[in-house]
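# When you get a sec, could you give me coordinates for this:
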Amino acid sequence: MRLFYGLALVLGLTGWGGAVLAQSWPTGLHCESVEMPSEVEEPMDGVRVGDFRFCGGDVAGAIAAYEGVLGQLLPEQEMERVYVQLRLARALVVVGELEGAWGMYREAIAQDPLYGRILDDRQYSPLGEPVTDGGVEGEANKAPVFVDGPVSAIAYFELGWALEQGERWTEAVEAYQKAIEINPQLAFAHSRLGYTLFRLEDYDQAQVALERALDLNPELVWAYYDLGYLFTWIHQANLAFPLFRQVIEFHTALQPFGEDDKDAIVYQMIGDVFMEQGTFAPAAQAYEQAIFLAPQQSWVYFRLGVALVNVGQESKAREAFREAVSRLPNDAIPYNNTMALDLAQALILEQQWARAKAVIEEVLNRSPHSIRGQQLLEQVERQR
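Got it, this is the predicted structure:
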């Protein structure tokens, strides 16, 4: 559900524009960069072995590797111990050993109250801006980076966070509720509870939780974004608008922009939510309003074209697609897969079958399981 914007893309600084879906990693690892070490000479080399097994689906093997590392560490290697314990806890979540995972989280967090600084799964804003580079005001981390309150509550938060990343929504709700029972002031827990309730389609309670999070911490950037997303999803975009605007105001690079430019970004965000929902008429209206307010990059025109195709306005869709293509550099295939498939759809509409197929095959080479890519490829092959 989450739309993940790179700030440079929103600003059009790269010439590419657009949003991509945020990734959920049940492992908590960026597995594309994980490799098995050629030799295991030091205890911490065993962590790489565990990571490789974890990413390969051998969770039991990963647990054994992490436990082996913990057994070899010296008492003074406290930082290393916390690092491994956090990985082991995530692996225990995946295999369903939730009590053991909670205990491991609690032990790790108790040893290092600043534990979150070694995790890279939370330090970015809703617009994709790294929190650590000073480009975002307010509290833009998606999850805690230090202990504030009882350690047991933070441990339950981390359990819920791991379950959320694995899309185990009901269990995540239970963990977040336990965190709140222990520490009712934990704004992060209310915020993530709201998001998980949204995923369970309990929109009323999701709204309550997100509003409570903002009551506790009016600078919690992700709560503004998620509440705006919720309102857009239930077709109350008028309520979403000021929330998305506040998200923009938290980003220092966007603060000098004019009012129309900021409003245009908000309309783009609203359009992207409607596109994910599959409600194409309001998506088209939002993108058209964004274009009316301020010049846009290719992403918005591509998304507008796809929305118009889906409401049967092919003539207007062609115009939007041509505008989008005219803004691409040197006929390159966009690295953003959504945008690349929008380009393929534009080429299909123009009956440029060979070029469309080349674009689709490039996307499928990057992401072999792309359902939309497979569907478009089937459409092209029926015409050839």
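# where does the protein have low pLDDT?
For the chain, the stretches with pLDDT under 70 are 1-26, 384.
# Show me which positions of the longest helix out of those in it end up buried.
Assignment by DSSP state H gives helix 259-277 as the longest helix of the chain. Within helix 259-277, the residues that count as buried by 16 or more other CB atoms under 10 Å are 261-276. All C-beta spots, glycine's among them, are computed from the backbone N, C-alpha and C.
# Just name the closest of those residues to Ile360, please.
Nearest to Ile360 among the buried residues of helix 259-277 is Met275, at 19.0 Å by CB to CB.
# list the contacts for the closest one?
Shown in contact with Met275 (CB atoms under 8 Å, 6 or more residues apart in numbering): Ala283, Arg303, Val306, Ala307.
# residues touching the third one, list them.
Pointing back at Val306 there. Applying CB under 8 Å, 6+ apart to Val306 gives the contacts Met275, Phe280, Ala317, Asp342, Gln345.
# one more time with 10 Å, if that's ok
Shown in contact with Val306 (CB atoms under 10 Å, 6 or more residues apart in numbering): 275, 280, 283-284, 287, 317, 320-321, 324, 338, 341-342, 345-346, 349.
# Pro175 against Phe157, yeah?
In this structure residue 175 is Ala, not Pro. Yes. Applying CB atoms under 10 Å, one finds Ala175 in contact with Phe157, separated by 7.4 Å.
# what's the overlap in contacts for those two?
In contact with both Ala175 and Phe157: Ala189, Arg192, Leu193, using CB under 10 Å, 6+ apart.
# Let me have those residues in TSV, extended by secondary structure.
Listed next are the shared contacts of Ala175 and Phe157 as TSV, based on DSSP: H, G, I helix; E, B strand; the rest coil:
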residue	secondary structure
Ala189	helix
Arg192	helix
Leu193	helix
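# on that earlier part again, show me how far the next helix or strand along the chain from the longest helix of the chain is from its chain's centre.
Using DSSP states H and E, the helix or strand that follows helix 259-277 in sequence is helix 280-293. When distances are taken as CA atoms, centre = their mean, to the nearest Å, helix 280-293 is centred 23 Å away from the chain's centroid.
# What is the burial count for the residue nearest to Glu171 when sequence neighbours are not counted?
Nearest residue to Glu171, sequence neighbours excluded (CB to CB, 6 or more residues apart in numbering): Leu163, at 4.7 Å. Around Leu163 there are 24 other residues, counting by other CB atoms under 10 Å.
# Now for Leu163: which residues touch it?
26, 93-94, 98, 101, 169-176, 196.
# Repeat the analysis, applying 8 Å as the threshold.
Leu163 neighbours (CB under 8 Å, 6+ apart): Val93, Leu98, Trp169, Glu171, Ala172, Ala175.
# before we move on, what SS does it have?
Criterion first, three-state DSSP; result for Leu163: helix.
# Quick check: phi and psi on His251?
phi -90, psi 110 (degrees, to the nearest 10).
# For it, name its beta-bridge partners.
For His251, the beta-bridge partners are Val136 (DSSP bridges).
# Touching, it and Pro130? I think so.
No. Contact criterion CB atoms under 8 Å: His251 and Pro130 do not qualify, at 11.4 Å.
# Looking at the two, which is more packed in?
Ranked by neighbour count (other CB under 10 Å), His251 and Pro130 place His251 first, with 25 against 14.
# thinking again about what came up before, out of the contacts of Met275, which two sit at the greatest distance?
Every pair of the contacts of Met275 checked by CB to CB; the farthest is Ala283 and Val306, at 8.6 Å.
# Skip the chain neighbours and tell me the closest residue to Leu328.
Nearest residue to Leu328, sequence neighbours excluded (CB to CB, 6+ apart): Ser298, at 5.6 Å.
# Give the full set of residues in contact with the nearest residue to Leu98 once chain neighbours are set aside.
Using CB to CB, 6+ apart and skipping the chain neighbours, the partner closest in space to Leu98 is Leu159 (6.4 Å). Shown in contact with Leu159 (CB under 8 Å, 6+ apart): Ala89, Val93, Leu98, Ala101, Trp102, Tyr105, Ala175.
# out of the residues you listed, who's nearest Trp353?
Nearest to Trp353 among those, with distances taken as CB to CB, is Val93, at 46.3 Å.
# what's the neighbour count on that closest one?
Using other CB under 10 Å, Val93 has 30 neighbouring residues.
# ok, back up a step: export the contacts of Met275 to a markdown table and tack on secondary structure and distance to Ile180?
Below are these laid out as a markdown table (DSSP: H, G, I helix; E, B strand; the rest coil; distance: CB to CB, whole Å):
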| residue | secondary structure | distance to Ile180 |
| --- | --- | --- |
| Ala283 | helix | 35 |
| Arg303 | helix | 37 |
| Val306 | helix | 40 |
| Ala307 | helix | 39 |
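# In JSON lines, list these along with distance to Ala356.
Output for those, formatted as JSON lines (distance: CB to CB, whole Å):
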{"residue": "Ala283", "distance to Ala356": "22"}
{"residue": "Arg303", "distance to Ala356": "18"}
{"residue": "Val306", "distance to Ala356": "14"}
{"residue": "Ala307", "distance to Ala356": "19"}
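# Kindly indicate the member of those residues with the most neighbours.
Neighbour counts for the contacts of Met275 (other CB under 10 Å) peak at Arg303, which has 30 neighbours.
# tell me the contacts of that residue?
Arg303 touches Gly18, Gly271, Asp272, Met275, Ala283, Tyr287, Asp342, counting by CB under 8 Å, 6+ apart.
# Quick check: closest non-adjacent residue to the fifth one.
With CB to CB, 6+ apart as the measure, Phe274 is the residue that lies nearest to Ala283, at 3.6 Å, once sequence neighbours are left out.
# Assess the claim that the one you found and Gln268 are in contact.
No. If you go by CB under 8 Å, Phe274 and Gln268 don't touch, sitting 10.9 Å apart.
# anything in contact with each of these two?
Counting by CB under 8 Å, 6+ apart, the common neighbours of Phe274 and Gln268 are Ala286.
# circling back: just the buried ones among the shared contacts of Ala175 and Phe157, please.
Applying 16+ other CB under 10 Å to the shared contacts of Ala175 and Phe157 flags Ala189, Arg192, Leu193 as buried.
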